[in-house]
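A.B. asks: the following block contains a protein sequence and its predicted model.
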Amino acid sequence: MNPFIRLGLELGPLLLFFFANSWYGLIPATAVFMVATAIALPVAYVLEKRLPIMPLITCVFVLIFGGLTVWLQDETFIKLKPTIVNLLFAAILLGGMVARQSLLKPLLGTMVHLTEEGWRLLTLRWGGFFIVLAILNEIVWRTQSTDFWVDFKVFGIMPLTIAFSIAQMPLINRYHADPESN
């Protein structure tokens with residue numbers, strides 16, 4: 001899939017969430033986010049001919065925590081969602097390392113070709129990054145206003161993730177392997 005389309009499918013629901021929050025508040029914005037995320041996933045499926053695992057997990061959690069937020073009229077659930085999703089991603093990646101498997105390799109192996117040590121290090125780094133994102137989310141939603149948290153969620157997490165991804169390039173270059181050896 002075109003990377004710009006993928007980015008649009010990931011950022012589109014977040015931007016709608018941001019604007020809906022600005023105009024109507026967090027509870028209605030959460031409903032908009034749920035609908036937009038639920039639409040983006042099948043569009044991604046049609047374009048990729050497969051369900052991308054991370055957006056699938058995110059969509060399930062958006063629907064669960066968003067549904068609780070809207071139903072109970074309690075902002076806490078949607079604010080907890082990033083913490084729980086990031087901790088889940090960290091647990092999956094780091095749990096795979098305990099089992100001596102890099103679970104990033106099946107996700108990225110067609111785009112990135114690394115030695116086993118490279119996959120191990122990249123997986124550990126991403127696991128740690130997801131833990132940092134979970135901690136940051138907890139700090140922000142518990143200490144800042146709802147509008148600040150929404151701004152952080154929409155305009156903070158994605159740039160942090162992009163910067164972290166770019167920061168991994170030296171590791172990827174250092175542990176690059178021929179595609180045939182993977």
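C.D. replies: Yes, it's here.
A.B. asks: alpha carbons only for contacts and neighbour counts from here, please
C.D. replies: Fine.
A.B. asks: moving C-terminal of the helix or strand bottoming out on mean pLDDT in the chain, what's the next helix or strand?
C.D. replies: Of all helical and strand segments in the chain, the minimum by mean pLDDT, DSSP states H and E falls on helix 104-108, at a mean of 81. For helix 104-108, the following helix or strand on the C-terminal side (DSSP states H and E) is helix 116-143.
A.B. asks: quick one: buried residues of the helix or strand just after that next one?
C.D. replies: Per DSSP H and E, helix 116-143 leads on to helix 146-155 as the next helix or strand towards the C-terminus. Under the neighbour-count criterion of 16 or more other C-alpha atoms under 10 Å, helix 146-155 has 146, 149, 150, 151, 152, 153, 154 buried.
A.B. asks: helix 146-155 - contacts with which helices or strands?
C.D. replies: Helices and strands touching helix 146-155, by 3 or more C-alpha pairs under 8 Å, 6 or more residues apart in numbering; DSSP states H and E, are helix 3-24, helix 116-143.
A.B. asks: next structured bit after the first one?
C.D. replies: Where DSSP H and E defines the elements, the next helix or strand beyond helix 3-24 is helix 26-48.
A.B. asks: ok, how many other residues are close to the spatially closest residue to residue 135 that is not a sequence neighbour?
C.D. replies: Distances taken as C-alpha to C-alpha, 6 or more residues apart in numbering place residue 83 nearest to residue 135, at 7.1 Å, with adjacent residues excluded. Residue 83 has 19 neighbouring residues, counting by other C-alpha atoms under 10 Å.
A.B. asks: and whichever helix or strand residue 83 is part of with helix 26-48, angle?
C.D. replies: In the assignment (DSSP H and E), residue 83 maps to helix 76-98. Helix 76-98 and helix 26-48 are oriented at 40 degrees to each other (axes from the mean of the first three to the mean of the last three C-alpha atoms, to 10 degrees).
A.B. asks: what's the angle from helix 76-98 to helix 146-155?
C.D. replies: Using the same axes, to 10 degrees: helix 76-98 against helix 146-155 is 40 degrees.
A.B. asks: fine, thanks again, bye for now.
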